[in-house]
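Enquirer: Sequence first, then the predicted structure, then my questions.
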Amino acid sequence: MNRFYIETELDTNQSIELTESVFHHWVRVLRAKEQEQAIFFNGKGGEYLVTLTEINKKNAFVSVDHFDPTDRTPPFQVLLGQVMSKGDRMDYAIQKATELGVSTIQLLTSERCEMRLKYERDQKKIEHWQSVAIAACEQCGMNRVPKILAPISLDEWLVSELPSSRFVLAPNKDQENVLLNSLSEIALLIGPEGGLSEAEIQQSNENGFLNWCIGERVLRTETAPVVALSILNYHFLSKAD
């Protein structure tokens with residue numbers, strides 16, 4: 001069954017008009033017909049079974065039939081500090097991090113960052129990356145969409161208010177005592193394609209980040225969040241069982 005994120009209040013036993021984006025995707029692209037059903041979610045937890053009741057040339061309406069409180073959010077929260085990269089790499093990192101349950105993605109610039117967004121391009125790029133996260137939620141079953149935060153410098157982020165548990169992916173560095181245990185809120189820093197500089201890793205260490213070296217290989221910037229978040233999922237979900 002199709003799943004759609006919709007930016008509107010949802011409640012059972014009501015009729016709502018489809019937003020422009022859902023109308024275009026479901027009715028125009030997928031050619032939905034009256035009485036077809038879908039799952040809607042608005043990012044506030046749970047999901048709703050809806051039935052398409054009326055289709056017009058420029059709009060459509062659904063009845064909200066049932067609420068399912070299922071929340072597939074992982075039992076931990078990760079604030080991912082991701083230094084931006086060019087092309088499809090950034091899309092991939094955001095898509096897969098979302099599928100693996102990241103809570104928030106803070107876009108970062110650093111010494112070796114490939115991207116420097118100009119002011120007039122910022123909002124369009126951020127909106128695009130937010131749409132990537134939404135599409136990933138629609139596909140994977142997540143009901144809460146991670147927020148994609150406007151880029152700031154690594155320097156600014158390191159001195160901001162962050163979770164007390166902080167890890168920086170630092171290949172070829174001596175791994176410190178990374179104890180996950182019952183941690184529930186984590187800040188995770190991942191550098192750009194060329195990696196964080198020695199000075200930046202040291203700076204992150206001075207601001208409470210522990211070095212985390214995942215195996216002997218140097219991972220690509222878009223692969224690193226997938227591996228790190230997979231390890232966290234395995235740790236916390238197996239512990240929950």
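Expert: Done, it's in. What you see is a predicted model, and the numbers here were worked out from it, not measured in a lab. Numbering: from 1, shown residues only.

Enquirer: CA only for contacts and neighbour counts going forward, please
Expert: OK.

Enquirer: would Ile16 count as being in a helix?
Expert: No: under DSSP: H, G, I helix; E, B strand; the rest coil, Ile16 sits outside any helix and is assigned strand.

Enquirer: Quick one: residues contacting it.
Expert: Contacts for Ile16 were tallied using CA atoms under 8 Å, 6 or more residues apart in numbering; they are 61-64.

Enquirer: mind listing which of these are in strands?
Expert: 61-64 (DSSP state E).

Enquirer: any chance of the residues you listed in CSV, plus pLDDT and neighbour count?
Expert: As requested, the ones in strands among the contacts of Ile16 are exported to CSV (pLDDT from 0 to 100; neighbours: other CA atoms under 10 Å):
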residue, pLDDT, neighbour count
Phe61, 97, 19
Val62, 97, 22
Ser63, 97, 20
Val64, 97, 22
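
Enquirer: Tell me the one among those nearest to Asp155.
Expert: Comparing these against Asp155 with CA to CA places Val64 closest, at 46.5 Å.

Enquirer: Surely that closest one touches Leu52?
Expert: No: Val64 lies out of contact with Leu52 (CA atoms under 8 Å); the separation is 9.1 Å.

Enquirer: which residues of this structure fall in helices?
Expert: Using DSSP state H, the helices of the chain run over residues 20-22, 88-99, 119-140, 154-158, 198-206, 224-240.

Enquirer: Give the buried residues for the longest one.
Expert: I take that to be helix 119-140. By 16 or more other CA atoms under 10 Å, the buried positions in helix 119-140 come out as 126, 129-138.

Enquirer: now the fifth one
Expert: Of the residues in helix 198-206, those with enough neighbours to count as buried (16+ other CA under 10 Å) are 200-201, 204-205.

Enquirer: Pick out the most distant pair among those.
Expert: So, the buried residues of helix 198-206 by CA to CA: farthest apart are Glu200 and Asn205, at 8.5 Å.

Enquirer: residues contacting the residue nearest the centre of the chain?
Expert: Nearest to the geometric centre of the chain sits Thr98, at 3.4 Å (CA atoms, centre = their mean). By CA under 8 Å, 6+ apart, the contact set of Thr98 is 133, 136-137, 145-146.

Enquirer: For the residues you listed, which two are the farthest from each other?
Expert: Taking CA to CA, no two of those sit farther apart than Ala136 and Pro146, at 10.2 Å.

Enquirer: returning to what we had before: next, format the contacts of Thr98 as a markdown table and append pLDDT and distance to Ala32.
Expert: Below are the contacts of Thr98 laid out as a markdown table (pLDDT from 0 to 100; distance: CA to CA, whole Å):
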| residue | pLDDT | distance to Ala32 |
| --- | --- | --- |
| Ala133 | 97 | 24 |
| Ala136 | 97 | 21 |
| Cys137 | 96 | 21 |
| Val145 | 96 | 25 |
| Pro146 | 96 | 28 |
